[in-house]
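**Student:** below is the sequence, then the predicted model.
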Amino acid sequence: MSTTDRPYAVLSPAAARRVFLVLSFTRWFPVGLVVGLLTLWQLERGLSVAQSLTVSSAAGLTVFFLELPTSGFADAFGRRPVFIASAVVNVAASAVLIVAESFWVFFVAAVLTGIFRALDSGPLEAWFVDTVHATSPGADVDGALAAQGTVLGGSIAAGALASGALVWWHPFTASSALLLPVVVFVVLNVVHLVATVALLREPRPTVATSALRRAAASAKEAPAVVRDGLGLMRSNRVLRGLIVVEVFWSVAMIVFETFQPIRLAELVGSEERAGAIMGPVAAGGWAVFAVGAALAGWTSRRVGVTRTAILARVLNGAGAVVMGLVAGPAALIAAYSVTYLLHGSGGPMHAALLHREARAGNRATVLSMNSMVAFAAFGVFAPLLGLLAEQTSTQVAMMTAGAVSIVGAWFYLPARRAERSASQPRRVGTFTH
């Protein structure tokens, strides 16, 4: 067969790892530019606080309803075209933010963002694992996933610092100081789209079919892929336990993502002071998240993936409890940093355990089921904890959520038993070049 007749060329594990990490950087660095500014941008453009929260919920609900259908389509049609489509929608969503000056335009941007996140959830990671398995069947990828977690955290932290520098610089005094980071955000999303098209390579079917026919066939196949994924969760005790862990994990996330700034405002005396502090604090949080991901890769090579996941889950919940106990802003920030470090440690290990229970035909679907449960749990428990805080105190709600989240470690036990009984898999954590 000639070179031009080959249906595809499978990347080596080392090459796949490089593409995986580069696209992770181009995906997440722009997010850091707006992670601390988006709400401020909406308020500056005329939205009320209630309208801003409604816009945020629109994005989350869009992700929840589209998560499984889009992941099923990615498993059936291909990860590359779906990931490219997500990058296109991301550019559109971010461009709308620049011109948005009313609730409904921001609402459109939020829905587009939700579509982007649903399309974006799973395809790149699934592509990487399947590419590695094409030449190293069954190989573990926890080391590479830990490296990706480090890139993700470091990228967002660097983006947050760059955003603060752009706001401080404010070279165009006739416009808002927040405009330049948003414009750069859009430009870098275009860079991510170009990088995705140029770097991502995926096996193609040997039978020549038009993209339209493959899309139609994949759309018909996607519901069956979703049903198979749900059926796998019902029949696979290990996978079911991992999904339940995500519920408890989301409860802890409410503490260090939602209650953290509220508690900080109580300690420093105002929301304005807390807002000024949260920028560098958030950047620091994502930086230690990256460190935690790197430490998880080191730890898993010594004690195993599941033990590392259990340890991170227990300590992360304990950190959330401590965040509720401390009585000063410096102590709160320190506890937040340690808790976020452990959050970074747990993510790659949890993902590696999910991949052990998935196969090529449903990998993106399994990842999206996990993500969808996280969105649902966050949405259900956040208002309940808010009511608890109103009836008692912010501290009581934080400590309660942290303590409840620790229970989630119990549901890693089926994965731990499976890891003990299985023969030691060949690992792909560090590839030779």
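**Tutor:** The structure has been received and is ready for your questions.
**Student:** elements contacting the host helix or strand of Ala265?
**Tutor:** Taking DSSP states H and E as the definition, Ala265 sits inside helix 260-268. Helix 260-268 sits against helix 271-303, helix 305-325, helix 329-357, helix 394-406, with contacts defined as 3 or more Cβ pairs under 8 Å, 6 or more residues apart in numbering; DSSP states H and E. Any C-beta I mention is one placed from the backbone N, CA and C, and that applies to glycine too.
**Student:** in a strand, Pro137, correct?
**Tutor:** No - using DSSP: H, G, I helix; E, B strand; the rest coil, the assignment for Pro137 is coil, not a strand.
**Student:** how close does it sit to Tyr412?
**Tutor:** Separation of Pro137 from Tyr412 (Cβ to Cβ, to the nearest Å) stands at 25 Å.
**Student:** which of these two has more neighbours?
**Tutor:** More crowded of Pro137 and Tyr412, by other Cβ atoms under 10 Å: Tyr412, with 26 against 8.
**Student:** so that one: helix, strand or coil?
**Tutor:** At Tyr412 the chain is in helix, as set by three-state DSSP.
**Student:** give the contact list for it.
**Tutor:** Tyr412 makes contact with Gly241, Leu242, Val245, Thr306, Ala309, Ile310, Arg313, Leu353, according to Cβ atoms under 8 Å, 6 or more residues apart in numbering.
**Student:** measure it to Val245 for me?
**Tutor:** On the measure of Cβ to Cβ, Tyr412 and Val245 end up 6 Å apart.
**Student:** what sits in contact with each of those two?
**Tutor:** With Cβ under 8 Å, 6+ apart, Tyr412 and Val245 have common neighbours Arg313.
**Student:** which element follows the lowest-mean-pLDDT helix or strand in the chain toward the C-terminus?
**Tutor:** None of the helices or strands of the chain scores lower by mean pLDDT, DSSP states H and E than helix 211-235, at a mean of 65. Next helix or strand after helix 211-235 toward the C-terminus (DSSP H and E): helix 237-254.
**Student:** how far is that following helix from where the chain is centred?
**Tutor:** Its chain's C-alpha centre and that of helix 237-254 lie 15 Å apart, by Cα atoms, centre = their mean, to the nearest Å.
**Student:** would you mind pulling up the elements that that helix packs against?
**Tutor:** Against helix 237-254 (3+ Cβ pairs under 8 Å, 6+ apart) you get helix 211-235, helix 305-325, helix 329-357, helix 363-391, helix 394-406, helix 413-421.
**Student:** with mean neighbour count and distance to Gln42 added, can I get those in TSV?
**Tutor:** Compiled in TSV, those are given as follows (neighbours: other Cβ atoms under 10 Å; distance: least, Cβ to Cβ, whole Å):
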stretch	mean neighbour count	distance to Gln42
helix 211-235	15	34
helix 305-325	23	27
helix 329-357	23	24
helix 363-391	19	19
helix 394-406	22	24
helix 413-421	16	41
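**Student:** between those, which one is nearest to Val184?
**Tutor:** helix 329-357 (25.0 Å; Cβ to Cβ).
**Student:** how far out from the middle of the chain is the closest one?
**Tutor:** With Cα atoms, centre = their mean, you get 12 Å for helix 329-357.
**Student:** counting contacts, what elements does that helix pack onto?
**Tutor:** helix 142-169, helix 237-254, helix 260-268, helix 271-303, helix 305-325, helix 363-391, helix 413-421.
**Student:** make it 10 Å
**Tutor:** Other elements packing on helix 329-357 under the criterion 3 or more Cβ pairs under 10 Å, 6 or more residues apart in numbering; DSSP states H and E are helix 123-135, helix 142-169, helix 237-254, helix 260-268, helix 271-303, helix 305-325, helix 363-391, helix 413-421.
**Student:** quick one, which of those helices is nearest to Trp104?
**Tutor:** helix 363-391 (22.4 Å).
**Student:** now do the closest one and helix 394-406, the angle between them.
**Tutor:** 150 degrees (axes from the mean of the first three to the mean of the last three Cα atoms, to 10 degrees).
**Student:** got the angle for helix 363-391 vs helix 123-135?
**Tutor:** Here helix 363-391 runs at an angle of 140 degrees relative to helix 123-135 (the same axes, to 10 degrees).
**Student:** burial count for Thr392?
**Tutor:** Neighbour tally, Thr392, other Cβ under 10 Å: 12.
**Student:** distance of it from Met399?
**Tutor:** Counting by Cβ to Cβ, the gap from Thr392 to Met399 is 10 Å.
**Student:** also Glu257?
**Tutor:** In this view, Glu257 and Met399 are 16 Å apart by Cβ to Cβ.
**Student:** mean pLDDT lowest where, among the helices and strands packed on helix 237-254?
**Tutor:** Among these, helix 211-235 carries the lowest mean pLDDT, a mean of 65.
**Student:** using TSV, lay out the helices and strands packed on helix 260-268 together with distance to Leu37.
**Tutor:** Converted to TSV, the helices and strands packed on helix 260-268 look like this (distance: least, Cβ to Cβ, whole Å):
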stretch	distance to Leu37
helix 271-303	9
helix 305-325	24
helix 329-357	19
helix 394-406	24
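**Student:** got the phi and psi for Ser102?
**Tutor:** Here is the backbone geometry of Ser102 (degrees, to the nearest 10): phi -140, psi 160.
**Student:** report the contact partners of it.
**Tutor:** Listed by Cβ atoms under 10 Å, 6 or more residues apart in numbering, the contact partners of Ser102 are Arg45, Gly46, Leu47, Gln51, Val108.
**Student:** and what of Arg420?
**Tutor:** Applying Cβ under 10 Å, 6+ apart, we find Arg420 in contact with Gly304, Thr306.
**Student:** against Gly138, how distant is it?
**Tutor:** The gap separating Arg420 from Gly138 is 17 Å, by Cβ to Cβ.
**Student:** give me the contacts around stretch 384-401.
**Tutor:** Contacts for stretch 384-401 (Cβ under 10 Å, 6+ apart): 248, 250-256, 258-260, 262-263, 265-267, 317, 320-327, 332, 381-382, 404.
**Student:** ok, back up a step: between the helices and strands packed on helix 237-254, which one is nearest to Gly153?
**Tutor:** Nearest to Gly153, of all those, is helix 329-357, at 5.5 Å by Cβ to Cβ.
**Student:** and the closest one with helix 123-135, angle?
**Tutor:** For helix 329-357 against helix 123-135, the angle by the same axes, to 10 degrees is 40 degrees.
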